[in-house]
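Colleague: could you look at this predicted model? Sequence included:
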Amino acid sequence: MAQEETRYERGLDTMRAIFGPRIESALKGLSSTSPDLARCLVEFPFADIYTRPGLDLKTREMLTVAALTVLGYAQAELKEHIQGALNVGCTRDEILEIILQMAVYAGFPAALEAVKTAATVFGEGNETEKKR
């Protein structure tokens, strides 16, 4: 059991680095409805994948923003990952450039929705990003 807790804690630490301390309250909400999904969310992507060598968190978040932009339907998750990308060092310009490039592969409707989502994140008083 200790190994599983280590895996869970590693994933939670990664999530805190990306999303900040507020992630714990979001996970509590998910856990109250689906504890198995919450555990899988922490352990698989954030303990097993995000912590692999080869890509840093900034690059992983940039890729995640691109993937969610292409999907088009996951705007709530895109919003969280745009904020996460800012938290790990991406600039607004980098995020907008990612979205623009995804217009080539996902089409303008997906890119337009992603820009709207980014605008809501940028407009939420991100003091860290304003200083860049």
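Modeller: Great, that's in hand.
Colleague: elements contacting the lengthiest helix in the chain?
Modeller: Longest helix in the chain by number of residues (criterion: DSSP state H): helix 2-19. On a contact count with 3 or more CB pairs under 8 Å, 6 or more residues apart in numbering; DSSP states H and E, helix 2-19 meets helix 23-33, helix 57-71, helix 75-87. C-betas here are computed from N, CA, C, even on glycine.
Colleague: can you pull the contacts of the nearest residue to residue 39 once chain neighbours are set aside?
Modeller: Excluding the flanking residues, the one nearest residue 39 by CB to CB, 6 or more residues apart in numbering is residue 8, at 6.7 Å. Neighbouring residues of residue 8 by CB atoms under 8 Å, 6 or more residues apart in numbering: 39, 42, 43, 47.
Colleague: mind giving me the ChimeraX select for those, buried ones only?
Modeller: In ChimeraX syntax, the buried subset of those is picked out as below (16 or more other CB atoms under 10 Å):
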select :39,42,43,47
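Colleague: okay, the contacts of residue 8 in JSON lines with distance to residue 74 next?
Modeller: What follows is the contacts of residue 8, written out as JSON lines (distance: CB to CB, whole Å):
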{"residue": "39", "distance to residue 74": "21"}
{"residue": "42", "distance to residue 74": "18"}
{"residue": "43", "distance to residue 74": "20"}
{"residue": "47", "distance to residue 74": "21"}
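Colleague: what's the closest of the contacts of residue 8 to residue 124?
Modeller: Lowest distance from residue 124 to these (CB to CB) belongs to residue 42, with 24.6 Å.
Colleague: so the closest one is in contact with residue 18, correct?
Modeller: No. Contact criterion CB atoms under 8 Å: residue 42 and residue 18 do not qualify, at 11.9 Å.
Colleague: common neighbours of the two, please.
Modeller: Residues touching both residue 42 and residue 18 by CB under 8 Å, 6+ apart: none at all.
Colleague: circling back: gap between the longest helix of the chain and the chain center?
Modeller: Relative to the centre of its chain, helix 2-19 is centred 15 Å away, using CA atoms, centre = their mean, to the nearest Å.
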